[in-house]
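> need a structure here:
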Amino acid sequence: MRRKSKYVVLSLVLCLSMMLFLCGCGEEKSGSTIEEPEITGKYLQEDYSQQLLNDGAETVVGYVTLDKLGEGDYSVHISERQVVASSEYKDGYYIADNNVAKDVTLGAEGRIACQKGKELNVVSADDFIQDHNDGESQLYTVYLMGDSAELILATDPADVETK
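Okay, the predicted model is just below:
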């Protein structure tokens with residue numbers, strides 16, 4: 001009788017442990033979230049940029065060019081600028097050259113959003129080089145984590161907070 005109860009208890013423990021280990025199988029999960037957000041210009045501008053700032057990212061405003069270094073590796077050249085409020089200009093501001101240039105790498109998961117009309121469109125680094133790598137035609141806000149650009153976001157100078 002004692003031997004039989006031992007086998008019953010052992011069987012129950014085995015069944016319970018199998019249920020615990022196999023619980024959740026069949027669900028599609030990525031990381032710790034079940035559903036990834038759609039990567040849109042709006043998402044990058046609002047939620048993603050705020051998350052980068054919360055994680056300690058530094059922002060730099062300026063003109064950006066990209067160079068391809070190798071397969072999947074890109075160098076980001078940032079020519080820093082500052083938007084200065086001034087009532088002497090028609091738009092109420094002017095863009096001043098800080099005379100500072102930075103060269104950083106594009107992060108492995110680095111994202112780029114370019115302005116098309118009034119919308120921000122997500123583009124790949126190769127598409128940026130092909131269609132938007134023209135130097136001083138668009139101002140960008142670059143979110144840096146160390147020496148890595150994690151987000152390059154087209155910026156309207158009128159939206160930059162001036163000091």
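
> for this structure, which strand is longest?
Counting by DSSP state E, the longest strand found in the chain is strand 93-116.

> buried set for stretch 98-116?
For stretch 98-116, a neighbour-count test (16 or more other CB atoms under 10 Å) marks 104, 106-107, 110-115 as buried. (C-beta placed from N, C-alpha, C; glycine too.)

> and the next element down the chain from the longest strand of the chain?
Following strand 93-116 in sequence order, the next helix or strand is strand 119-123 (DSSP states H and E).

> quick check: mean pLDDT across that following strand?
The pLDDT scores in strand 119-123 average 93.

> Stretch 134-150 too?
92.

> Tell me the helix or strand right after the lowest-mean-pLDDT helix or strand in the chain.
The helix or strand of the chain with the lowest confidence, counting by mean pLDDT, DSSP states H and E, is helix 2-22 at a mean of 73. Scanning forward in sequence from helix 2-22 by DSSP H and E, the next helix or strand is helix 41-43.

> Just checking the distance from that following helix to the centre of its chain.
Here helix 41-43 is found 10 Å from its chain centre; the criterion is CA atoms, centre = their mean, to the nearest Å.

> Likewise for stretch 36-54?
In terms of CA atoms, centre = their mean, the centre of stretch 36-54 is found 7 Å from the chain centre.

> in it, what counts as buried?
Within stretch 36-54, the residues that count as buried by 16+ other CB under 10 Å are 40-41, 43-45, 48-49, 52.

> What of stretch 121-130?
Residues of stretch 121-130 classed as buried by neighbour count (16+ other CB under 10 Å): 122-123, 125, 128.

> Can you get me the start-to-end distance on it?
For stretch 121-130, the first-to-last residue distance is 15 Å (CA to CA, to the nearest Å).

> now do stretch 77-93
Across stretch 77-93, first to last residue, CA to CA, it's 24 Å.

> Perfect, I'm done here.
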